[in-house]
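Student: no letters, just coordinates:
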């Protein structure tokens, strides 16, 4: 037993020492912050500087790489399982390293090392319980009246079951002529945050938004005053979805969302009180990163995973995490059905050169909000790449699931043979890696549903630069396929460009066109009838200084809104792509809640528009992006 305990101690020490190395590497490669500009309007900001730290998600890869050889290994029964560690608070892990059972290891670490280990395993920042509580902030709303229809909402990710990211002129309250007059009305700071990657939802005159520090906030849309906060078990990356709910206490409105520990919540929209909480997947690598979809009393929840991030390490039993969709009863959180993106459950295959058992098939995470086809009674999702070889037929695919049962009615694989694990090239290749390593293309964005040219089309973009339209009435048969980067049609046998040049997180559709921000930089508009590119706006991206515009686009009549990795927000004319307005968000802001805040990269969620105002989060502290922790609200003066 003593030998086993010593081995556990050595493994954990190796883990935390590696965190220090990764932290220094990230610090060396992180882009320098944009020089601060004059503060925006609002209440005085706190004097403390915004913490210079990265997302908790990086430490997860470290744990996977160096710690699972003991944690979760039956040979080391005293080492807590990954699930047990993930359930702990960062304070508990930190205490173990400083004054508890792991003090002998913690004494050999710097204070920053201990913090990073604690936060990465728990999925929360130390001190977030106090920092993020609305009770600790000024600027509380004077009252909290019942929610009333304000006549203009942006609900969930795509503002409707079709996920078209379109807002009508009446609900938008903005026009192509008035957009140039947009001014910053208020800014709200997320305490301790590094990624403002929860897209704001507008409902009944209120803003509902999550934070990576593990809090949900309800704010007044007009002023930014705070109604309430709710603390979750982990960071929240997805948009909030709101809808009616009936419980034993009566009828009301609930806020639905998921967190980075794969728990799903329903909380009261007026008070923030918890109604129910349900775990939709038990694998330690799974998480809910996209907003759930709500339809007729059912909540459709997508599940993704980060297992492939460091699964090449020979100590790791690769791979067992699989993407899925769960249907929950919106009133109770009860599971109604669950469908895995890969029907076959992972089974033991062989042992690698270190004697560690390997598994397959696995992968196909679902990064996008399900699209509900109310006419055909189907829900559509896009899947990611496989993490094991050979790649199953439902990886990099569009799946159509029965709304009632979850049964796969049809599937169409967009890219074959995409089995991918990060780092499996050159000297990083191990025998955990797929036999044939794929390009890591995925179907990252929500499919959009729109009738055009007499056909019901399922339209989406892909990372290498391709736009496709599938026939909803013909089980996903291809209608058209184009390379939006080079503006040319593609045959079934041809592949588009390489890398992340194309659309990533979301397009937007109006009556005749679809709009996509591109990873290679700029924005493209394509015709719905045939996918032909009608205009391209490079914005401020050049070959010498590329700026990714891979955040989701948003469209209102006459205007498409896009944002870039440099932190600039744009409004373009839908007619020809010329610039109507822009705003630099990668700077410091004075906030209404007196939290030190700054903007950064805008690389995932898009802007939301309702009631004459524009809302957007700025900051995306993932990989090489610039962190940020601010929510911005604009209106016409």
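Tutor: Arrived safely, thanks for sending. Just so it is clear, the model here is predicted, and its values are computed rather than measured.
Student: what sits against residue 350?
Tutor: 357-358 (Cβ atoms under 8 Å, 6 or more residues apart in numbering). All C-beta atoms are positioned from the backbone trio N, CA, C, and that covers glycine.
Student: and with 7 Å instead?
Tutor: Each residue near residue 350 by Cβ atoms under 7 Å, 6 or more residues apart in numbering is listed here: residue 358.
Student: please settle this for me: is it part of a strand?
Tutor: Yes: per DSSP: H, G, I helix; E, B strand; the rest coil, residue 350 lies within a strand segment.
Student: how close does it sit to residue 316?
Tutor: 14 Å (Cβ to Cβ, to the nearest Å).
Student: please apply the same query to residue 394.
Tutor: Taking Cβ to Cβ, one finds residue 394 at 24 Å from residue 316.
Student: do the same with residue 565
Tutor: 31 Å.
Student: what's the answer for residue 227, then?
Tutor: 44 Å.
Student: ok, residue 426 next?
Tutor: 19 Å.
Student: neighbour count for these two, which is higher?
Tutor: Taking neighbours as other Cβ atoms under 10 Å, residue 426 and residue 316 compare with residue 316 leading, 23 against 6.
Student: hmm, residue 432 and the more buried one touching each other?
Tutor: Yes: using Cβ atoms under 7 Å, residue 316 is in contact with residue 432, at 6.5 Å.
Student: shaky segments in the protein?
Tutor: 1-106, 108, 111-129 (pLDDT under 70).
Student: how is it divided into domains?
Tutor: The chain breaks down by automatic domain parsing into domains covering 2-30+57-124, 257-266+273-288+291-445.
Student: how many other residues sit next to residue 534?
Tutor: For residue 534, using other Cβ under 10 Å, the count is 15.
Student: same check, this time on the one 5 residues further on
Tutor: Under the neighbour criterion other Cβ under 10 Å, residue 539 is assigned a count of 22.
Student: so what's it up against?
Tutor: Per Cβ under 7 Å, 6+ apart, neighbours of residue 539: 521-523, 547, 549, 564, 570.
Student: cutoff 10 Å now
Tutor: 517-518, 521-523, 547, 549, 562, 564, 566, 568, 570, 572, 577, 579, 582 (Cβ atoms under 10 Å, 6 or more residues apart in numbering).
Student: on the three-state scheme, the residue nearest to residue 244 when sequence neighbours are not counted is what?
Tutor: Excluding the flanking residues, the one nearest residue 244 by Cβ to Cβ, 6 or more residues apart in numbering is residue 253, at 6.0 Å. Following three-state DSSP, we place residue 253 in the strand state.
Student: circling back: where do the contact lists of residue 316 and residue 432 overlap?
Tutor: With Cβ under 10 Å, 6+ apart, residue 316 and residue 432 have common neighbours 310, 352, 354, 356, 358, 421.
Student: now for the contacts of residue 539, which pair is the farthest apart?
Tutor: 566 and 577 (18.2 Å; Cβ to Cβ).
Student: what about those two, which has more around it?
Tutor: Counted by other Cβ under 10 Å, residue 566 and residue 577 do not tie: residue 566 has more neighbours, with 23 against 20.
Student: you'd agree that one is up against residue 551?
Tutor: No: with contact defined as Cβ atoms under 10 Å, residue 566 does not reach residue 551; the gap is 11.3 Å.
Student: now do the shared contacts for these two.
Tutor: Joint contacts of residue 566 and residue 551 (Cβ under 10 Å, 6+ apart) are 601-602.
Student: picking up where we left off before, so which of the contacts of residue 539 comes closest to residue 204?
Tutor: Distances from residue 204 to the contacts of residue 539, taken by Cβ to Cβ, are shortest for residue 562, at 27.3 Å.
Student: now the phi/psi pair for that closest one, please.
Tutor: phi -140, psi 160 (degrees, to the nearest 10).
Student: can you check the one 4 residues further on too?
Tutor: When read as degrees, to the nearest 10, the backbone of residue 566 gives phi -90, psi 0.
Student: again, but for the one 4 residues further on
Tutor: For residue 570, the backbone dihedrals (degrees, to the nearest 10) come out as phi -130, psi 150.
Student: that one pairs with what?
Tutor: Beta-bridge partners of residue 570, counted by DSSP bridges, are residue 562, residue 582.
Student: start to end distance for stretch 443-451?
Tutor: Criterion Cα to Cα, to the nearest Å; first-to-last residue distance in stretch 443-451 is 21 Å.
Student: flag every buried residue along that stretch.
Tutor: Across stretch 443-451, burial judged by 16 or more other Cβ atoms under 10 Å covers 443-450.
Student: tell me which two in those residues are the farthest apart.
Tutor: Longest span within those, Cβ to Cβ: 444 and 450, 19.0 Å.
Student: returning to that earlier point: hmm, which of the shared contacts of residue 316 and residue 432 are the buried ones?
Tutor: Looks like the shared contacts of residue 316 and residue 432 have 310, 352, 356, 358, 421 buried, using 16+ other Cβ under 10 Å.
Student: perfect, that will be all.
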